[in-house]
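Sequence and predicted structure are below.
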Amino acid sequence: MGNLFGRKKQPATRITEQDKAVLQLKQQRDKLKQYQRKIEQNLEKERSVAKQLLKNGKKDKAIVLLKKKRYQEQLLKNTDGQLENLEKMVDEIEFAQIEMKVVEGLKVGNESLKKMHEIMSLEDVEKIMDETREGIEYQNVSYFISP
């Protein structure tokens, strides 16, 4: 009833710098893909316009458009390389995050093992094993002795 007039506390979000970097890289990737689509649309338009200019006998203008088309194809090729680099970087960051979690898990496991070794020494384990063996032998002997 203590929350009658107050707001509920929202759980703390754990957004790391790596998460922000991955998000930013993915946004940049999306912008590059959008830019590529725009270039591809322009290329299609310019191809059809160049064909039309050739049909109309305007060879000079068609040549200028074809040079522009070559330049845009080079831009398209460059954006492909940039996209590949972005995707590779995102993959590397995500893999590094996974590696960090694995290392943290190993660290916790190691600490747990150390604590267990502090609680039980090798002599204690050997003593317990000996007592267990003696108890089993006693049961076997008493089983054979009893009618």
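All right, it came through fine.

From here on, just use CA atoms for contacts and neighbour counts.
Fine.

what bits of the chain have low per-residue confidence?
Residue ranges of the chain with pLDDT under 70: 1-12, 143-144, 146-147.

Geometrically speaking, which residue is the centre of it?
Taking C-alpha atoms, centre = their mean, the centroid of the chain lies closest to residue 94, which sits 2.8 Å from it.

mind checking how far that one is from residue 104?
For residue 94, the distance to residue 104 equals 15 Å [C-alpha to C-alpha, to the nearest Å].

Residue 123 now?
Residue 123 sits 31 Å away from residue 104, taking C-alpha to C-alpha as the criterion.

These two: which has the busier surroundings?
Neighbour count, other C-alpha atoms under 10 Å: between residue 123 and residue 104, residue 104 has more, with 12 against 9.

tell me what the longest helix along the chain is packed against?
If you go by DSSP state H, the chain has its longest helix at helix 59-119. Under the contact criterion of 3 or more C-alpha pairs under 8 Å, 6 or more residues apart in numbering; DSSP states H and E, helix 59-119 touches helix 17-55.

So for stretch 75-94, what gets flagged as buried?
For stretch 75-94, burial by neighbour count (16 or more other C-alpha atoms under 10 Å) applies to 76, 79, 83, 86, 89-90, 93.

what's the neighbour count on residue 36?
A total of 20 residues lie near residue 36 under the criterion other C-alpha under 10 Å.

oh, I was asking about residue 14
Using other C-alpha under 10 Å, residue 14 has 7 other residues around it.

mind checking the SS state of it?
coil (DSSP: H, G, I helix; E, B strand; the rest coil).

Could you measure from it over to residue 20?
To residue 20, residue 14 is 11 Å away according to C-alpha to C-alpha.

before we move on, what about residue 42?
To residue 20, residue 42 is 33 Å away according to C-alpha to C-alpha.

So for stretch 115-134, what gets flagged as buried?
Residues of stretch 115-134 classed as buried by neighbour count (16+ other C-alpha under 10 Å): none.

quick one: it to chain centroid distance?
Chain-centre distance of stretch 115-134: 43 Å, with C-alpha atoms, centre = their mean, to the nearest Å.
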